[in-house]
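Asks: Here is a sequence with its predicted model. Questions after.
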Amino acid sequence: MTLLLKSESDDAASWLAALQKHLPGRDIRVWPDSGDAADIRYALVWHPPPGLLASLPNLEAIFSVGAGIDHIAADPQRPGHLPVIRMVEEGLTTGMTEFVVMQVLFHHRDMLSYRHQAEECRWREITAVPASERRIGILGLGVLGRAAAEKLAGFGFDVAGWSRSPKQVPGVTSYHGEAGLGAMLARTDILVCLLPLTDETEGLLNARLLAQLPRGACLINVARGGHQVEADLLAALESGQLKEATLDVFQEEPLPPDSPLWRHPQVIITPHIAAQTMPDTAAQSVAQNIARIESGQAPLNVVDFGRGY
Ligand SMILES: NC(=O)c1ccc[n+]([C@@H]2O[C@H](COP(=O)([O-])OP(=O)(O)OC[C@H]3O[C@@H](n4cnc5c(N)ncnc54)[C@H](OP(=O)(O)O)[C@@H]3O)[C@@H](O)[C@H]2O)c1
């Protein structure tokens, strides 16, 4: 069994070590040193160059290095008959939960206002709101959205989530489908986006959606830049409809230097780092799925291209 790894060039060594640990005795190759393409049965990829997957004649399964698979779906030559397996692993989920909780607390406790006050050496107390009175709305109650929702509920926040199908998450109010979206937005002070990027969710964070939030709400987008219409976000920030935003993802990445988002005083920007796949736990997850495939079981976390995630 040969596995081809195509990751970011600067993290290949840690991936290789983790894969060798969890797939002992297997042949692991790092793209572009693929050797004989006919040997390769599994590909573990991040932004594969278009045509790479199609050039592997004996490929059996495609693993995504990240939770999102839009980078694989973007390849017009992707062999459509092969299962694409998205990354579900403890390290990634923990990292996303940390980031979302950190940002929710940051907005909840008015840290951006205190930072601006500090720039002016201004000593002024802002009246705090109890967590039980702060309404959090999470778009997407999948692996990552659910984990974040559960932790936030543990802080005592009033948490709701929105998904395609109804969910039962202790301490979290579930809204679903098109009909449920408006109701959740209307009761949301801090909106977190953790949706996959699909035809249905692209551009969802637009003027129409933002207008349904209570005035002065905050937005945290840790999903994909394709979800947000940046001109609409800027307009909502200017009008005060949005008070603050944390953006980890952008329509164009890296965010161009001339984007007004970089310098906007009400925006926190991070370079798509909300959650990073952790090679050790990720390699373990890949190895478990390969063991399933090789024992004739269906792999876990296979993407349904019919619904787009
Ligand atoms: N910024 C970063 O560093 C980073 C890192 C990792 C992941 N991400 C992003 O996070 C996304 C979510 O990951 P995940 O593992 O949590 O995905 P997931 O387990 O597939 O969950 C997706 C959730 O979105 C819901 N959903 C999808 N389409 C919908 C629609 N049209 N209307 C309503 N709800 C919809 C699903 O509803 P159902 O449950 O009803 O199916 C599900 O609850 C990834 O796709 C990726 O883009 C970002």
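Replies: Good, I have the coordinates.
Asks: from the stretch 1-150 of the chain, which residue is nearest to the ligand?
Replies: Minimum separation of the stretch 1-150 of the chain from the ligand (CB to the nearest ligand atom) falls at Gly142, amounting to 1.7 Å. C-beta: built from backbone N, CA, C; applies to glycine.
Asks: What is the neighbour count of that residue?
Replies: 19 (other CB atoms under 10 Å).
Asks: Now do the end-to-end distance for stretch 236-256.
Replies: Stretch 236-256 stretches 21 Å from its first residue to its last (CA to CA, to the nearest Å).
Asks: Please point out which parts of that stretch sit buried.
Replies: 236-237, 241-251, 255 (16 or more other CB atoms under 10 Å).
Asks: which strands and helices sit next to the longest helix seen in the chain?
Replies: Using DSSP state H, we find that the single longest helix of the chain is helix 90-108. Applying 3 or more CB pairs under 8 Å, 6 or more residues apart in numbering; DSSP states H and E, one finds that helix 90-108 contacts helix 143-154, strand 190-193, strand 217-221, strand 242-247, helix 279-294.
Asks: Now the element after the first one, going C-ward?
Replies: Toward the C-terminal end, the helix or strand that comes next after helix 143-154 (DSSP states H and E) is strand 158-163.
Asks: by contact count, what packs against that following strand?
Replies: Other elements packing on strand 158-163 under the criterion 3+ CB pairs under 8 Å, 6+ apart are strand 135-139, helix 143-154, strand 172-176, helix 177-186.
Asks: any residues touching the third one, and which ones?
Replies: Same thing as strand 172-176. 141, 146, 149-150, 153, 159-168, 181, 183-184 (CB atoms under 8 Å, 6 or more residues apart in numbering).
Asks: Let's see the PyMOL selection covering just the buried ones among the residues you listed.
Replies: The PyMOL command for the buried members of the contacts of strand 172-176 (criterion: 16+ other CB under 10 Å) is given here:
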select buried, resi 141+146+149+150+153+159+160+161+162+163+164+167+181+184
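Asks: so how far is the next helix or strand after the longest helix of the chain off the chain centroid?
Replies: Next in sequence after helix 90-108, counting helices and strands by DSSP H and E, comes helix 111-119. On the basis of CA atoms, centre = their mean, to the nearest Å, helix 111-119 is displaced by 28 Å from the centre of the chain it belongs to.
Asks: same check, this time on stretch 102-115
Replies: 21 Å.
Asks: ditto for stretch 145-164
Replies: Centre to centre, stretch against its chain (CA atoms, centre = their mean), the figure for stretch 145-164 is 15 Å.
Asks: That stretch near the ligand at all?
Replies: Yes - Stretch 145-164 comes into contact with the ligand (CB under 6 Å from any ligand atom), by way of Gly145, Trp162, Ser163, Arg164.
Asks: cool, stretch 221-238 as well?
Replies: Yes - using CB under 6 Å from any ligand atom, a contact is recorded between stretch 221-238 and the ligand, made by Val222, Ala223, Arg224.
Asks: Cool, thanks, talk later.
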